[in-house]
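> sequence first, predicted coordinates after that:
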Amino acid sequence: MAKFNGRLEVLALSAVHQHPDNIREDLGDLTQLSGEIKELGLLNPLLVYPHPDREGDFVVQDGNRRRAAAAQAGLTEVPCVVLPVPKADRGPRADIETMLTTGRNHRPLSEAEVSKGIQGLLDLGLDITTVGKKFKMSRKEVQARAKVALKNDGVSKAYSAGRLSLDAVQRLQELEEKSDIPNLYERAVERIEDMPNGASVETVERVITETEMSIKKSQREAELKELDAKVGDFNIQYDASWSKVEDEMTDEEHKAAGHRYYFSYRDPEPTWYVKEKKVKPELTEQEKHDKETQNKLKSMLKIVQRSRIAFIKNAFETVKPSEQLAKETIAKKIMEQILYSDEGRTIMGEVVGIKAPELDGITSSSELLDRWNAEVHKHLVRQSMAYLGMMLAFAGYVGTEESLGKLSGFERSGFENGNYGARWKNGHAYYKFLTEHLGYELDLDEKLAMEYSAMNLTGRNRDLDLVPLPDEVTATCGGCNQEVVADSEWQGLCIDCDGENE
């Protein structure tokens, strides 16, 4: 056990000073804490050590909020655990580690305060891996926190003010490092800075997409202006005397053909129009409005889709999965597997102890089946995830059971060697599941059925044999000269000739 070197003392509050490098930038509302201290006293001593520059005074290592609340409560003395002066190479680092640990366990530090502490530890020589392990952060998170703490740009300010999450900051940092589109990062940050309520990672993703499309649109506009191509006005989209050019053409070809271009809402590529020889009917104002709405939605839905996919990706990385949802989903899949199989429902009913309804000739069979499905589904959801996983695998094979009550269910086929389906492939998979996961042991007659069917087909896929068979050879009968399939112990005569000898 580590030796504790501290001593408990009651010190004058005026001699106890807040840590000069406290990572907590905002002590928060101290009203409740100071009220408790006023009524009950300071029950949790401050952790202090001698002040390096002021003899007889002390620096708080842990308890800066309690110290401020004690002062607000009117205390003149406070209980403290006095520690030795930290070693020169260890002191600042130990202070920050303590602030990060206790600050995150009590009144939570802000994200910006945590990042400030992380950068402080890196500045003091700790490597990224050590910091990550100590505070249970990935390397990516440690790097992102350190980077945002070092900067003083719009992203850092929005993050410090709580208007950007760390995920959103990481996405912007990634954009700054990897984007090959000039000014995309700066313009996206400008838009995000102007959002008074901040931006989630989904909003950041959408802003990036919109800004990227806007930049590309400006670039294309500049190219077409340089080419001196003719631009159409807003009404060209609805003017009956102009129609869209459907052919794939270069900008130069469009210009040579006398086409005009127009950029739809946020679309980075122009639509080209050609003058109609025959005038089409003029659109009504309502038709123009509908087309304008359609064009806007076509453009915006692409942006929303990218934002939605980014959200889904982030959610699967960060959201804690719901076991209840998993159970509901697996139970639903199990019921779908047996939905159209009478044999499957019968077997499932036997397995779970809820007998499947007999539906023949019953006019209300659909209602009976719905009630039975709901009852079995409810039963399944109450089971463990392991049980449900095994049941889902079983449900995929259960339709095979019906055929295995007949010898034809064991019949082998030459199709087993290809990619085509063959009946025994399903039977093989079903028996493998029963034996490997349920501990089933093959009955003697099952083995005989497998042997019989296998021995009657030399061209079968031998990997699908479940029971060992004697080595087989193709030979010529010494009595009738016909080719026969026999085992390695064959005596030279087929069954018919051997019978005649007897």
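Received, thanks. Residues are numbered from 1 along each chain as shown.
> any idea how many residues pack against the nearest residue to Ala149 once chain neighbours are set aside?
Spatial nearest neighbour of Ala149, chain neighbours left out: Gln119 (3.8 Å); criterion: C-beta to C-beta, 6 or more residues apart in numbering. Where C-beta positions appear, they are placed from N, C-alpha and C, glycine not excepted. With neighbours defined by other C-beta atoms under 10 Å, the count for Gln119 comes to 20.
> give me the domain ranges for the protein.
The record, using automatic domain parsing to delimit domains, assigns the chain the ranges 7-168, 208-317, 323-401, 470-502.
> out of those, the one nearest Asp180 is which?
Evaluated over those, closeness to Asp180 peaks at domain 208-317, with 10.8 Å, by C-beta to C-beta.
> strands of this protein, start to end?
When assigned using DSSP state E, the strands of the chain occupy the ranges 7-12, 16-17, 46-50, 58-62, 77-82, 230-231, 242-244, 260-262, 271-275, 472-476, 483-487.
> make CSV out of those and add mean neighbour count.
Output for the strands of the chain, formatted as CSV (neighbours: other C-beta atoms under 10 Å):
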stretch, mean neighbour count
strand 7-12, 12
strand 16-17, 18
strand 46-50, 20
strand 58-62, 22
strand 77-82, 19
strand 230-231, 13
strand 242-244, 15
strand 260-262, 20
strand 271-275, 18
strand 472-476, 12
strand 483-487, 14
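> okay if I get these as JSON lines plus distance to Met450 and mean pLDDT?
As requested, those are arranged in JSON lines below (distance: least, C-beta to C-beta, whole Å; pLDDT from 0 to 100):
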{"stretch": "strand 7-12", "distance to Met450": "80", "mean pLDDT": "86"}
{"stretch": "strand 16-17", "distance to Met450": "85", "mean pLDDT": "90"}
{"stretch": "strand 46-50", "distance to Met450": "75", "mean pLDDT": "87"}
{"stretch": "strand 58-62", "distance to Met450": "73", "mean pLDDT": "87"}
{"stretch": "strand 77-82", "distance to Met450": "77", "mean pLDDT": "87"}
{"stretch": "strand 230-231", "distance to Met450": "78", "mean pLDDT": "92"}
{"stretch": "strand 242-244", "distance to Met450": "67", "mean pLDDT": "88"}
{"stretch": "strand 260-262", "distance to Met450": "72", "mean pLDDT": "92"}
{"stretch": "strand 271-275", "distance to Met450": "67", "mean pLDDT": "91"}
{"stretch": "strand 472-476", "distance to Met450": "15", "mean pLDDT": "58"}
{"stretch": "strand 483-487", "distance to Met450": "16", "mean pLDDT": "61"}
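> contact partners for the residue lying closest to Leu175 once chain neighbours are set aside?
Using C-beta to C-beta, 6+ apart and skipping the chain neighbours, the partner closest in space to Leu175 is Tyr185 (5.1 Å). Residues in contact with Tyr185, defined by C-beta atoms under 8 Å, 6 or more residues apart in numbering, are 172, 175-176, 179.
> filter the residues you listed to the buried ones?
If you count burial by 16 or more other C-beta atoms under 10 Å, the buried members of these come out as 172, 175-176.
> out of these, who's nearest His254?
Using C-beta to C-beta, Leu175 is the member of the buried ones among the contacts of Tyr185 that lies nearest His254, at 33.0 Å.
> re earlier: just flag the most distant two among the contacts of Tyr185.
Based on C-beta to C-beta, the longest span within the contacts of Tyr185 runs between Leu172 and Ser179 and measures 10.1 Å.
> re earlier: would TSV of the domains of the chain with distance to Phe415 be doable?
Listed next are these as TSV, based on distance: least, C-beta to C-beta, whole Å:
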stretch	distance to Phe415
domain 7-168	50
domain 208-317	40
domain 323-401	17
domain 470-502	19
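> weakest of these in terms of mean pLDDT?
Comparing those by mean pLDDT, the weakest confidence falls on domain 470-502, with a mean of 61.
> how about the nearest residue to Glu292, chain neighbours excluded?
Distances taken as C-beta to C-beta, 6+ apart put Gln237 closest to Glu292, at 7.4 Å, once the chain neighbours are dropped.
> how near is the one you found to Gly389?
55 Å (C-beta to C-beta, to the nearest Å).
> so between the two, which is more surrounded?
Set Gln237 next to Gly389 and count neighbours by other C-beta under 10 Å: Gln237 wins out with 18 against 13.
> Asp21 contacts Gly120, correct?
Yes. Using C-beta atoms under 8 Å, Asp21 is in contact with Gly120, at 7.2 Å.
> have a look at these two and say which one is more surrounded.
When neighbours are counted by other C-beta under 10 Å, Gly120 comes out ahead of the other of Asp21 and Gly120, with 21 against 13.
> can you pull the contacts of the closest residue to the more buried one other than its chain neighbours?
The spatial neighbour of Gly120 that comes closest, neighbours along the chain excluded (C-beta to C-beta, 6+ apart), is Ile96 at 4.7 Å. Contacts for Ile96 were tallied using C-beta under 8 Å, 6+ apart; they are 21, 23, 117, 120-121, 124.
> in helices, which of those residues appear?
Judged by DSSP state H, the subset of the contacts of Ile96 located in helices is 117, 120-121.
> and those, which is closest to Glu39?
Proximity of the ones in helices among the contacts of Ile96 to Glu39 (C-beta to C-beta) peaks at Gly117, which lies at 31.9 Å.
> burial check on that closest one, number of neighbours?
28.
> relative to Ser384, how far out is it?
Look at Gly117 and Ser384: by C-beta to C-beta, they are 42 Å apart.
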